[in-house]
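S.K.: Provide a 3D model corresponding to the input given below.
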Amino acid sequence: MRFSLQKLVLAVAMIVTVQVVLYFWKLNKPKRTRNIFIMQQKLEEQVKEDGSCDYNKCNPVKDGMLNVHLIPHSHDDVGWLKTAEQYFTGEKAMSDARSQHSGTECVRCVLNTTIPLLLANPDRRFIFIEMAFLSRFWDEINDDVKQKIKQLIKDRKLEIAIGGWCMSDAATTFYNDIIDQHTLGFDFIDQHFGKCGQSRVGWHVDQFGHSREHSSIFAQMGFEGLIVGRIDFQDYTDRHEHKKMEFLWKSSASLGSKASLFTHVSYDGYYAPRELQFEGRSAGTVDASVQRYVADMMRIAKERAAVFKTNHLMFPMGADFAYKKADEWFANMDALIKHTNLRQADGSKINLLYSTPSCYLYHVNKEKQTFPTKSDDFFPYAIPPKAYWTGYFTSRAGLKLHVKRAGAMLQTCKELNVFNRLSNAFDKIDVLKKAQGILQHHDAITGTEKEHVAKDYNHLLSEGEVQCQSVIDEAYKMMLPQTSVKPPQQEFCYNLNISECSSTENSKQFVVNVYNPLSRHVTYWVRLPVSSTPYTVTDPNSQQLKLDILPVDDKTKTLPGRKSQAENELVFPAKLSPLGYGSFYVKSTTEGERAKTHKTMDGEEFAIQNEHIKVSFGKDGILKSVQNIKNGMEVKMEQDFYYYIGDTMMRPSGAYVFIPKFKDPTKVRGQNPVKVKLFKGEHVQEIRQEFSHWVSQIIRLYDTANYVELEWQVGPIPNQGYEGREVISHFKTDIKSEGHFYTDSNGREMLKRTRDKRETWKLDVIEPVSGNYYPITSRMFIQDDSRDTRITLMTDRCQAGGSIQDGAMELMVHRRLFRDDGLGVSENLNELDVDNKGITYKGKHYLFVDTKENSAELARDMALELHLPPTLSFMQTTKSYSEWTDLYNTKWSGLRDVIPPNLHVLTLDQTRKGEREIYLLRVEHLYEVNEHKLLSQSASLQLENLFESFDIIAISELSLGANFKTNEVKRMQWKTDDGLLTPEQIGSEQNTLHLDAPFNIILQPMEIRTFHIQIYPRS
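M.R.: Below you'll find the model as predicted:
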């Protein structure tokens, strides 16, 4: 054997070199330990705590007495009769001759006058709700006032209730938007007041009904309880009679007792008792009539004590925009407390004190009473004699859709910002975050505001979208280039739903970037308005796609305000990677696919089908049946459009309430057949139906799709004798539903409904239609258990819906009403288009028939895809395809691997301006317990190498709103009538406090787990 000293020396040198490199790499490698949480250290340095989270700073109560907790507050809507800005400044709303309000409400004035009076008397208390207003106030005050506010919060004199950007609606909002708007408010609180400024109580005193999912969200945020104001008057009477005004709300069957939330129903809404309202009364009013006011207080207290279980009562002491002159309230309440409590020397057992919701709950909890439970929700809400507040589930359908679209763009914007670690995007994204936060308000997305306020809301969203578009453009400038050549600027089209886009119809050659904000593969059907020439489309894998060119629908062409001259629509499938984009190269040619021609169907039966579904139509042009080809399941079905005539007697149907004049609706087409045109393309088949001159529909069946798309167009609703009409899409089937139907709660869990019945009290049926309507934010279904058959309807925005007859479902798509319902907005719901006629709306429903389990899976997938659809942007180019691909990447995914099909990345967002190492991550389990044999099982996910752009090197688990560390939350425990004791802890059973890399987390059904993650960028 030969021996070479030279080779040996060389080998040893190489080994030593490798060891030295490894040694220094390990020294510089980020340590995967939780102790490197940089942001947490920053926050601890920023806000020093002093123990003010304790309840020892609540005003004392007296044992053996009836303690009346006076809760001073001002109910400040972030828009309603005036815009949010007008409400803040006190400006009068005189901007629109059709829609104005001359009130002098002024939130700035409320805060300016309240703060000094809280400082002047250590016993006084005040609660504030909307961080949209508090942050606006914060930006204009000096450091001295800021320090005083901080001290008031630490001393529990000023308490933040809820803490979200607004007091959000509970019916028409989607769960991730609810979470996001609260997180936005919590971030403001955390930044300026620390964790002891965070609210632990929900204050939902003005919502028009209350959802179970919203309650579940509060429980997962670590809240101790919820104060609600409005509930159905029959339910209210029942709770009075049986002392059920306080109870444990079991808000999630899947999450169990951890999602239970103590709930208090206010005795008389959020206004102070009528005799004790001091807005506009002089400061010496009580002192001038002591005997009268003390007698009123004692009488009211005794009346209210009869319906509550403990020796504690809560009196909201406020009104809409109250405390503009705060001394009117505080001086009179000081006197009322003083003189009422002096009666104790004469044997009175009533003790008055200034208090807050959290202090009230603390003292109620100390009494260790047992309370009843509730597991359904508070919809629909009604007031006597028969006014059900179900109209707002549909009111202002265009605004509701705009909120959905803006939310999808915001999701794209946040993710692209994180993946590219952009340096100047935070403030731009914040514009849309704040607009979306305001739009969740209970007089915003609901459509119950004045018209000029609705216009302002749309303007706020549009401003935010423009800012987000610049962030998306900046992100693509980083992701697309393979060389130093920058890509063209991104262009965006607002009006694709009406086939209008100058970027496509005026260009012979362009690129479409399609970003998928979901953490799963998606096939999205792109539809672009184009000229009359043929086109080719090349996908991100350099494959030329089969495509369809279809003529733009005649009804779409006649829409008022549509400026497009496009005659055709280009249709093709975009297959997209999770959290990623694909670029599609579109070019006009002289040869190839041209617009399809149609066949007019006149008095004959016909059908369309693909590999999954067959849809059959009768001689009258109406849908007659839907068959699932895979399993042979067929359901007889008729779909048609009807309208209810709005009642005008007593209380008219209006923006809030739906009061039909007659139980049976009127068929839009009368006895006339439907005019039908049939188009068949390579990928899509379309049935274009005309029901009347103001109602039309396109029924689409895409290649490989296991659902039917129904695109409706309604309007202008005729004005015949100022008779309001409320239009429904009605589905009649042969399903034996036996009075049962199911609706979603804020897009998440499903609730079983039974016609003409309530779970916790006996319903006196006074309105058989509106009283069976519920908010459909995502989907509803009916099913036949004997056939294992389910029919599911999905919406593109919240709508009112119900099952008024067995085997039937209906969704209200549009409303036009000529009388105000007298519930505060003082304006008819009569939206006009640019031609000064009634507005026309377009929208989509999605229909499928399958087994219960298969339907659950399809519904969960589609719910995500409809709520967060891809974001499209366009680039103009003169380069050939090969030149383009030499310069730019055509696809990218933010995930390194496929995540389990029952999990989803709900949130990926920047936490602070300038912070580029710590981000916010939420992962959700999509399924309920027992919803699906396989997908309702627990699922695990490794976080360390989940994302393409970075590694995760540390995690800290938080409550759902990112407002608390989960391990630091210990909630009050409550005893229930069924013998249970609610748990202290929130969050997952899995303890992540000492969880190391690869950070394998486990999610149970319906869990959402929230983390601050520290990242290390990959090259």
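
S.K.: Packing partners of the longest helix seen in the chain?
M.R.: Secondary structure of the chain per DSSP state H: the longest helix is helix 451-479. Identification of packing neighbours for helix 451-479 by 3 or more Cβ pairs under 8 Å, 6 or more residues apart in numbering; DSSP states H and E yields strand 93-96, strand 99-101, helix 397-420, helix 426-439, strand 871-876. All C-beta spots, glycine's among them, are computed from the backbone N, C-alpha and C.

S.K.: Can you list the helices and strands that the helix or strand that comes right after that helix packs against?
M.R.: The helix or strand immediately downstream of helix 451-479 is helix 502-505, counting by DSSP states H and E. Helices and strands touching helix 502-505, by 3+ Cβ pairs under 8 Å, 6+ apart, are strand 509-516, strand 522-530, strand 871-876.

S.K.: Could you list the residues in contact with helix 502-505?
M.R.: 491-493, 510, 512, 528-531, 564-566, 570, 586, 874, 876 (Cβ atoms under 8 Å, 6 or more residues apart in numbering).

S.K.: got a pLDDT number for the nearest residue to Phe193 once chain neighbours are set aside?
M.R.: Residue nearest to Phe193 in three dimensions, not counting chain neighbours: Ile153, with 5.1 Å by Cβ to Cβ, 6 or more residues apart in numbering. As predicted, Ile153 sits at a pLDDT of 95.

S.K.: which residues touch Ile153?
M.R.: With contact taken as Cβ under 8 Å, 6+ apart, Ile153 is in contact with Ser52, Glu159, Ile160, Phe193, Cys196, Gly197.

S.K.: from the middle of its chain, how far away would the helix or strand hosting it be?
M.R.: Ile153 belongs to helix 143-154 when elements are defined using DSSP H and E. Helix 143-154 has its C-alpha centroid displaced from the chain centroid by 32 Å (Cα atoms, centre = their mean, to the nearest Å).

S.K.: buried residues in it?
M.R.: Within helix 143-154, the residues scored as buried using 16 or more other Cβ atoms under 10 Å are Val145, Lys148, Ile149, Lys150, Leu152, Ile153, Lys154.

S.K.: same thing with stretch 114-129?
M.R.: So stretch 114-129, judged by 16+ other Cβ under 10 Å, has buried residues Thr114, Ile115, Leu117, Leu118, Leu119, Arg124, Arg125, Phe126, Ile127, Phe128, Ile129.

S.K.: Pull up the distance across it, start to finish.
M.R.: Stretch 114-129 stretches 14 Å from its first residue to its last (Cα to Cα, to the nearest Å).

S.K.: before we move on, what about stretch 315-332?
M.R.: So stretch 315-332: terminal residues 15 Å apart, Cα to Cα.

S.K.: Quick one: name whatever helix or strand follows the helix holding Ile153.
M.R.: strand 158-160.

S.K.: what is the rounded mean pLDDT of that next one?
M.R.: For strand 158-160, the mean per-residue pLDDT is 97.

S.K.: cool, stretch 882-901 as well?
M.R.: 96.

S.K.: Ok, stretch 312-328 next?
M.R.: For stretch 312-328, mean pLDDT rounds to 97.

S.K.: Quick one: neighbours of the closest residue to His612 other than its chain neighbours, just the number.
M.R.: In this structure, His612 finds its nearest non-sequential neighbour in Asn706, 4.1 Å apart by Cβ to Cβ, 6+ apart. Neighbour count for Asn706, taken as other Cβ atoms under 10 Å: 18.

S.K.: Check the one 10 residues further on too.
M.R.: Here the count is done by other Cβ under 10 Å, and Pro716 has 20 residues near it.

S.K.: Thought Ile839 was touching it, still the case?
M.R.: Yes. Between Pro716 and Ile839 there is a contact under Cβ atoms under 8 Å: 6.7 Å.

S.K.: Mind listing the shared neighbours of these two?
M.R.: Common neighbours of Pro716 and Ile839 (Cβ under 8 Å, 6+ apart) are Arg816, Asp833.

S.K.: farthest pair in the buried residues of stretch 114-129?
M.R.: Leu119 and Ile129 (20.6 Å; Cβ to Cβ).

S.K.: Excluding sequence neighbours, find me the nearest residue to the residue nearest the centre of the chain.
M.R.: The C-alpha lying nearest the average C-alpha coordinate of the chain belongs to Phe174 (Cα atoms, centre = their mean; 2.6 Å). Once flanking residues are discounted, Phe174 sits nearest to Gly747: 4.5 Å by Cβ to Cβ, 6+ apart.
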